[in-house]
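J.: Structure for this input, please:
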Amino acid sequence: MKIEGIEDEEKWLAEGIAGVQHNAFFMLRALEADNLREALKFSAQMLSELRTSKLSPHKYFELYMRAFDELRKLELFFKDESRHGVSVGDLYELVQHAGNVLPRLYLLCTVGSIYINSKEGPSKDILKDLVEMCRAVQNPIRGLFLRSYLCQVTRDILPDIGSEYEGDGDTVMDAVDFVLHNFTEMNKLWVRLQHQGPGRIKEKREKERNELRDLVGKNLHILSQIEGVDLEMYRDTVLPRILEQVVNSKDDLAQHYLMDCIIQVFPDEYHLQTLDILLGACPQLQPTVDVKMVLSELMERLSNYAASSPEVLSEFLQVEAFGKLNNAIGKVIEAQVDMPIVGAITLYTSLLTFTLRVHPDCLDYVDLVLGACVRKLSGKPKLEDSRATKQIIALLSAPLDKYNDAVTALTLSNYPRIMDYLDNDTKKVMAMLIIQNILKNYTCISTADQVEALFELIKGLIKDIGETSADEYDEEDFKEEQNSVARLIHMLYNDDPEEMLKIICTIQRHIMTGGQKRLPFTVPALVFSALKLVRQLQGQDGEADGEEAPATPKRIFQLVNQSIEALSAVPCPDMALRLYLQCAEAACDCDLEPLAYEFFTQAFILYEEDIADSKAQFTAIHLIIGTLQRMSVFGVENRDTLTHKATGYSAKLLKKADQCRAVYACSHLFWVDDQNGIKDGERVLLCLKRSLRIANAAQQMANVTRGSSGPVTLFVEILNKLVDESESAPCNFYYIVVLSLAADLVLLFVKNGNRYLYFFEKGNPQITSLAIQGLVELIKTDMQSDTSTVDSATTAFFNSTLRYIQFQKQKGGVMGEKYDPVKL
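T.: This is a model prediction of the structure:
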């Protein structure tokens, strides 16, 4: 049926266009012959095609435009009196004798525009006559197009200030009355269209009305173009009469469209000065009108106007724009009791955006808007409407985006109260937006009170809320959230140690409630933030007991130790061990030997009891060795105890290769390249010899199990240690030890040899050029052995070591003299 209707309409349109073209042809022949009577006859017949009621507005518009184009040719003929010999006044009377009312009025409008243009008659009377006679057509579609034609032909000849058509009793007010009268009649026709036809086609009628609305709005556009419509006339006459029609129409489509037209076509300064009048109409609109869109568009226009020039801001204060808008929104929400919550929140979001753009310095206004939103939400459960939730996020994001400073948002008392109405997932989204804003703008949160307020806002990220636990979160999202929280902790800072200590205590109190999954992300950030304060207080001392204790390193280390203990209980021993070692270094910098020793003790306890994986043990022991090597605070007894522990654990690693590397790494504990550092060459040599024996054992095991030379790379590493250390005293004993290891130790010699290079260069008297020479020859011999299988990486490693020795020989100087006895 629908397809048949479309085909019928196309057929009717084609018939109408054919009728227009047929009569237009004869009309043009009459015009060419200057035959006025025939021209009027065929033009009337042509316009009679517009009397059809079978076409939709869209199709009727096509037919109307065909007739309109032909009327332009007839108008040119009417203007040339020499062609038809009739005065314009007589012509105006003559066209009124047309048989049908619709063709008669189209011709009357055409001649009437020429009559006004000729100035032979008063514009006021002609305009009034035309607009009144058009009332004869009451069919909505035909009447709207007729009056649209009247607007079109008269828009350039209305009496206006500075216009040639003003004067002799014709004033701007006459033009305004004409346009308003025409607007009133068109609006009535447009509203009446909804009642045409049976109720089952109501949806179709609404669509047709939407297609026709611009014909009505054209009147308001013409009004806005009249220069004589100043602010006073607009306030006293134009706006009240337009709003009267808007309110009286009682039609939601008409009211919404016309309010939008008023806002869009008239100047912004007019809106600002007539806010009370315009806003007073909003509560009178139909409940089904989307008032939030109307007011949002108005506030958007005013916001842009305020941003256009700083000079206009004083006008907003003068007319109390914020107060009027706030009161109007309240009245609209009160009047429309069925307005959904998303509509009210949208209105407040628009008002807040307006406030932030026009009155950015008035935080009281911002908080007032948030407070009004809280009152609207009060008594309601958590928001479940996704649209309302999005509007809440937009509302809360607006201050962040405007000020680029989360601290400002923290000063708004109603800000956290609005967040309480969000569900847990949305609270997390909002918390992430707050954190991202802080990180993006490098905002420093510098007081404990601000930190407390901030953590209340983002509590959805730092602890479980409700029945949802961390185990239920998406793993990737959870990691991203917790990494953001960790980055945030570094933005919480104050130069005053006492205030910074309060901040650290506040952070600790909150993150300790985060549960086992969150602590590995947040505790390290807290620890490093605290250690930063420790180094700031380096050299100070004091008691660590009591909540009101001053900010001293001991007090801070106490807090840090509590946090790391919680982390180690997660369990997360690897991370806890690293943090203990960091704390030990900080204690060393503060010259607090007992605390440094305690932190190392805790690290060894974790290593013994909680770290079982061989790879993790190997990494942990290297961290311990590296940290201990840098420690200068220990006395002889404490250092020997810790060094003995590290060396013992190194020799107990599961894999021989790991043992070898850890043991030769321990050699660094006995040779510290500082002014007052330890330089015990014999114990260095002892570690290197032990590493060679372990390498030899690994080589023998490889021969038995795989029938190959095994991990040759270890020997090159040891060689590098050897070459680095000594420069003077001969080491015949060590040379004998090296030669006794035989050719199957190639890999271990390569690795260990690099350690020898290190200590040789550092001046260890126990490491000689003779030892290096013997080790190099031994590695070469083994690599060239028929039973040796050496991979390319080991060969490259050894060749790189040889090139380094050669480079030092050619370089000359003190180092060149050291290497000169070594023959490659």
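
J.: could you measure Ser632 against Cys590, distance?
T.: In this structure, Ser632 and Cys590 are separated by 12 Å, where distance is defined by Cβ to Cβ, to the nearest Å. Glycine gets a C-beta too; all of them are placed from N, C-alpha and C.

J.: out of the two, which sits in the more crowded spot?
T.: More crowded of Ser632 and Cys590, by other Cβ atoms under 10 Å: Cys590, with 23 against 13.

J.: how about the helix or strand where Lys204 lies: buried residues?
T.: Secondary structure assignment for Lys204, by DSSP states H and E: helix 202-225. Buried residues in helix 202-225, defined by neighbour count with 16 or more other Cβ atoms under 10 Å: 205, 208-209, 212-213, 215-224.

J.: Find residues that contact each of Ser632 and Cys590.
T.: Overlap of the contact sets of Ser632 and Cys590 (by Cβ atoms under 8 Å, 6 or more residues apart in numbering) is empty.

J.: Gly460: neighbouring residues, count only.
T.: When counting by other Cβ under 10 Å, one arrives at 23 neighbours for Gly460.

J.: ok, now the one 3 residues further on?
T.: By other Cβ under 10 Å, the residues close to Lys463 number 16.

J.: From Leu653, how far out is the residue lying closest to it once chain neighbours are set aside?
T.: Leaving aside its sequence neighbours, Lys463 sits nearest to Thr513 (Cβ to Cβ, 6 or more residues apart in numbering; 4.6 Å). Thr513 sits 38 Å away from Leu653, going by Cβ to Cβ.

J.: Same drill for those two, tell me which one is more crowded.
T.: Neighbour comparison, Thr513 and Leu653: the larger count goes to Leu653, with 19 against 11 (by other Cβ under 10 Å).

J.: Distance check, the more buried one against Gly228.
T.: Distance, Leu653 to Gly228, by Cβ to Cβ: 97 Å.

J.: I'd say Phe26 and Glu38 touch.
T.: Yes: using Cβ atoms under 8 Å, Phe26 makes contact with Glu38 at a distance of 7.3 Å.

J.: Report the separation between the residue lying closest to Ile489 once chain neighbours are set aside and Met575.
T.: Leaving out its chain neighbours, the residue that sits closest to Ile489 by Cβ to Cβ, 6+ apart is Ala525, at 4.0 Å. Computed as Cβ to Cβ, the Ala525 to Met575 distance reads 12 Å.

J.: what residues are up against Asn561?
T.: Residues 583, 599, 602 are the ones in contact with Asn561 under the rule Cβ under 8 Å, 6+ apart.

J.: for the nearest residue to the first one once chain neighbours are set aside, helix, strand, or coil?
T.: Read that as Cys583. Take Cys583 and drop its neighbours on the chain: the residue closest to it by Cβ to Cβ, 6+ apart is Phe599, 4.6 Å away. Look at Phe599: counting by DSSP: H, G, I helix; E, B strand; the rest coil, its state is helix.

J.: these two touch, right, Phe599 and Arg578?
T.: No: because the distance of 11.3 Å does not satisfy Cβ under 8 Å, Phe599 is recorded as not touching Arg578.

J.: for the stretch 451-600 of the chain, which spans come out with low pLDDT?
T.: Along the stretch 451-600 of the chain, the model assigns pLDDT under 70 to residues 466-472, 539-549.

J.: Just the strands from this structure, written as ranges.
T.: Chain-ordered strands for the chain, with DSSP state E as the definition, do not occur.

J.: For it, give the helix that spans the most residues.
T.: Longest helix of the chain, by residue count under DSSP state H: helix 2-32.

J.: Distance from the chain centre to it, please.
T.: 56 Å (Cα atoms, centre = their mean, to the nearest Å).

J.: Now for the nearest residue to Ala698 once chain neighbours are set aside, how many residues are close by?
T.: Leaving aside its sequence neighbours, Ala698 sits nearest to Lys656 (Cβ to Cβ, 6+ apart; 3.7 Å). The burial count assigned to Lys656 is 21, neighbours taken as other Cβ under 10 Å.

J.: quick one: the residue at the greatest distance from the centre of the chain and Glu499, what's the gap?
T.: Outermost residue of the chain with respect to the C-alpha centroid, by Cα atoms, centre = their mean, is Gly85; its distance is 73.2 Å. Shown here: Gly85 relative to Glu499, a distance of 99 Å by Cβ to Cβ.

J.: hmm, back to that, which one of the contacts of Asn561 is nearest Phe760?
T.: When the contacts of Asn561 are compared for distance to Phe760 (Cβ to Cβ), Phe599 wins out at 33.8 Å.

J.: count of neighbours near the closest one?
T.: Neighbours of Phe599 (other Cβ under 10 Å): 25.

J.: ok, now how distant is Asn210 from Leu193?
T.: Here Asn210 is placed at a distance of 11 Å from Leu193 (Cβ to Cβ).

J.: Could you do Ala587 as well?
T.: As defined by Cβ to Cβ, Ala587 lies at a distance of 86 Å from Leu193.

J.: Between the two, tell me which one has more neighbours.
T.: Ranked by neighbour count (other Cβ under 10 Å), Ala587 and Leu193 place Ala587 first, with 25 against 21.

J.: Run through the residues that contact that one.
T.: In this structure, Ala587 makes contact with 553, 557, 593, 595-596, 599, 633, judged by Cβ under 8 Å, 6+ apart.

J.: And for Gly19?
T.: Gly19 is in contact with 45-46, 48-49, counting by Cβ under 8 Å, 6+ apart.

J.: Let's see that with 6 Å instead.
T.: By Cβ atoms under 6 Å, 6 or more residues apart in numbering, the contact set of Gly19 is Glu49.

J.: Tell me, what's the model's pLDDT at it?
T.: Note for Gly19: predicted pLDDT of 95.

J.: ok, it to Phe42 distance?
T.: Counting by Cβ to Cβ, the gap from Gly19 to Phe42 is 11 Å.

J.: what's the answer for Gln582, then?
T.: Spatial separation of Gln582 from Phe42 under the definition Cβ to Cβ is 100 Å.

J.: between these two, who's got more neighbours?
T.: Applying other Cβ under 10 Å to Gln582 and Phe42 shows that Phe42 carries more neighbours, namely 23 against 19.

J.: Read off the pLDDT value for that one.
T.: You'll see Phe42 listed with a pLDDT of 94.

J.: Could you check how far it is from Ala30?
T.: Between Phe42 and Ala30 the distance, using Cβ to Cβ, works out to 6 Å.

J.: Pick out the most distant pair among the contacts of Ala587.
T.: Within those, two members stand farthest from each other by Cβ to Cβ: Phe557 and Val633, at 13.6 Å.

J.: Of those two, which one has the most company?
T.: Ranked by neighbour count (other Cβ under 10 Å), Phe557 and Val633 place Phe557 first, with 23 against 19.

J.: and Lys292, what does it touch?
T.: Neighbour list for Lys292: 343, 346-347 [criterion: Cβ under 6 Å, 6+ apart].

J.: Which member of the residues you listed is positioned nearest Leu325?
T.: Of all the contacts of Lys292, Leu325 sits closest to Leu347, with 9.5 Å by Cβ to Cβ.

J.: for the closest one, what are its contacts?
T.: Shown here is Leu347, whose contacts under the criterion Cβ under 6 Å, 6+ apart are 292, 329.

J.: Report the separation between it and Val369.
T.: As defined by Cβ to Cβ, Leu347 lies at a distance of 10 Å from Val369.
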